[in-house]
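# Sequence first, then the predicted structure:
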Amino acid sequence: MKREDFPVGAVMKRVLVAGGAGFLGSHLCEYLVGQGHHVTCVDSFATGSLNNVKALTGSNRFVLLTQDICDPLPESVTADEIYNLACAASPPHYQADPVHTMMTCVVGTNNLLALAERCGARFLQASTSEVYGDPEQHPQREDYWGHVNPTGPRACYDEGKRAAETLCFDYLRAGRADVRVVRIFNTYGPRMRPDDGRIISNLVCQALAGEPLTVYGTGEQTRSFCYVTDLIGGLVRMMAAKDNPGAPVNFGNPGEFTINELAELVLKITGSSSTISLHPLPTDDPQRRRPDIDRAHKLFGWQPEIPLVEGLRPTIEWFARETRKARQRIPGAARLAAGSAGRLPEPVAVPRH
């Protein structure tokens, strides 16, 4: 991440990052501490990891608060800016406890909005492209209201995030807080959980292990993938903007790939001999996903710079290192049985899309 790419405040700020030990949150915390801000990371560790922020714990500008945002925050907590990234974001995790997922979106967001009102803090809500459901509009613009099943197995997250947006704009209209809402499309990079059930982590881990790659449906459904540093740059730009956009803003990479194309790219980069295994499509799984990012570009001059083929290599290398570390912790006999899983081949030429 190039620091000169992002606006830097002249004054040190107190920043609270809810979900700060998660995939996105930890990258955000790292950037903010690097810019000289004092960061309070709030995380329940339901899906976050201490390893993600371990390098920051030695800094006097970083405080780690183990806390579920559904519970009232301590009165001593204050902030100038609040980023709310707290919620399980992958289907296996948010469906594991759907009631808690909904409460995190509604009760948790309300608790943080109340803190923003009390402190006069600027507030950024991490919403999601899932508010568009299985869209009937393509690409998805922010003025599209979506096509969401309100009673299906994904509703705890999809409708939870929609309800959170409602709360945010109610606070904004009432003048109770300066609230900004971002809709994040598929994002990937180092620190993703191997077991998060997302398509990139699934395919990469399976390819490294020499296992069949799980592809749902026909594999012709599409997704757009944004590298994590591009996404963090967008969040920081939106938080720093003097004028509130007064409407949600999409952040994602508009490059559109079928799942089959992604699988073939992962196989090419890893050099894996894995085959592709087709499975039934999950309930309410979106068929097409691509952001319209004109609003982000016009308002903040933001657009992603890292194409999928370039972002996949450091992501795969990170998963390979984590796999090797895990194998080293396995007793000798089991390690031999694990074979060569996690060994990253030499770089190969990869076609650009």
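Now that the structure is in, tell me what you want to look at.

# Could you look up the SS state of residue 306?
Secondary structure, DSSP: H, G, I helix; E, B strand; the rest coil: residue 306 is coil.

# which residues touch it?
Contact analysis of residue 306 by Cβ atoms under 8 Å, 6 or more residues apart in numbering lists 227, 229, 230, 253. Bear in mind the C-beta positions are built from the backbone N, C-alpha and C, glycine included.

# ok, the closest residue to residue 273 other than its chain neighbours - how many residues close by?
In space, and not counting its chain neighbours, residue 273 is closest to residue 210: 6.7 Å by Cβ to Cβ, 6 or more residues apart in numbering. The tally of other residues near residue 210 (other Cβ atoms under 10 Å) stands at 16.

# Which helix or strand contains residue 17?
Using DSSP states H and E, residue 17 maps to strand 14-18.

# For the chain, which residues score under the pLDDT cut-off?
The chain contains residues with pLDDT under 70 at 1-10, 330-353.

# And the helices in it?
Taking DSSP state H, the helices of the chain run over residues 23-34, 50-53, 91-96, 98-103, 109-119, 155-173, 199-209, 228-240, 259-270, 294-300, 308-328, 332-338.

# I'd like the ones you listed written out as JSON lines, with mean neighbour count and distance to residue 280 added.
Rendered in JSON lines, the data for these read as follows (neighbours: other Cβ atoms under 10 Å; distance: least, Cβ to Cβ, whole Å):
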{"stretch": "helix 23-34", "mean neighbour count": "23", "distance to residue 280": "27"}
{"stretch": "helix 50-53", "mean neighbour count": "18", "distance to residue 280": "33"}
{"stretch": "helix 91-96", "mean neighbour count": "18", "distance to residue 280": "14"}
{"stretch": "helix 98-103", "mean neighbour count": "18", "distance to residue 280": "21"}
{"stretch": "helix 109-119", "mean neighbour count": "21", "distance to residue 280": "33"}
{"stretch": "helix 155-173", "mean neighbour count": "20", "distance to residue 280": "20"}
{"stretch": "helix 199-209", "mean neighbour count": "23", "distance to residue 280": "15"}
{"stretch": "helix 228-240", "mean neighbour count": "22", "distance to residue 280": "30"}
{"stretch": "helix 259-270", "mean neighbour count": "20", "distance to residue 280": "14"}
{"stretch": "helix 294-300", "mean neighbour count": "16", "distance to residue 280": "35"}
{"stretch": "helix 308-328", "mean neighbour count": "17", "distance to residue 280": "26"}
{"stretch": "helix 332-338", "mean neighbour count": "10", "distance to residue 280": "29"}
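
# Of those, which is nearest residue 220?
When the helices of the chain are compared by Cβ to Cβ, helix 259-270 sits nearest residue 220, at 6.5 Å.

# Run the angle between the closest one and helix 199-209 for me.
40 degrees (axes from the mean of the first three to the mean of the last three Cα atoms, to 10 degrees).

# just checking, what packs against helix 259-270?
Helices and strands touching helix 259-270, as assessed by 3 or more Cβ pairs under 8 Å, 6 or more residues apart in numbering; DSSP states H and E, comprise helix 199-209, strand 213-216, strand 222-224, helix 308-328.

# now with 7 Å?
The elements that helix 259-270 packs onto, with contact taken as 3 or more Cβ pairs under 7 Å, 6 or more residues apart in numbering; DSSP states H and E, are helix 199-209, strand 213-216, helix 308-328.

# Contacts only, for residue 178.
122, 123, 244 (Cβ atoms under 7 Å, 6 or more residues apart in numbering).

# How about residue 241: what's its closest non-neighbour residue?
Closest to residue 241 by Cβ to Cβ, 6+ apart is residue 300, at 6.0 Å.

# I figured that neighbour hits residue 237, correct?
Yes. Counting by Cβ atoms under 7 Å, residue 300 touches residue 237, with 4.3 Å between them.

# Spatially central residue in the protein, please.
Centroid-nearest residue in the chain, with Cα atoms, centre = their mean: residue 24, separated by 4.8 Å.

# Tell me how many other residues crowd the residue lying closest to it once chain neighbours are set aside.
Distances taken as Cβ to Cβ, 6+ apart place residue 85 nearest to residue 24, at 5.4 Å, with adjacent residues excluded. By other Cβ under 10 Å, 26 other residues sit near residue 85.

# tell me the contacts of residue 85?
Residue 85 is in contact with 17, 18, 19, 22, 24, 25, 126, counting by Cβ under 7 Å, 6+ apart.

# quick revisit: and the gap between the residue nearest to residue 241 and residue 150?
Going from residue 300 to residue 150 by Cβ to Cβ, to the nearest Å gives 32 Å.

# Contacts for stretch 240-252, please.
7, 9, 127, 129, 142, 165, 178, 180-186, 224, 226, 231, 234, 238, 291-293, 295-296, 299-300.

# so how far is that stretch off the chain centroid?
Averaged C-alpha coordinates place stretch 240-252 at 17 Å from its chain's average position (Cα atoms, centre = their mean, to the nearest Å).
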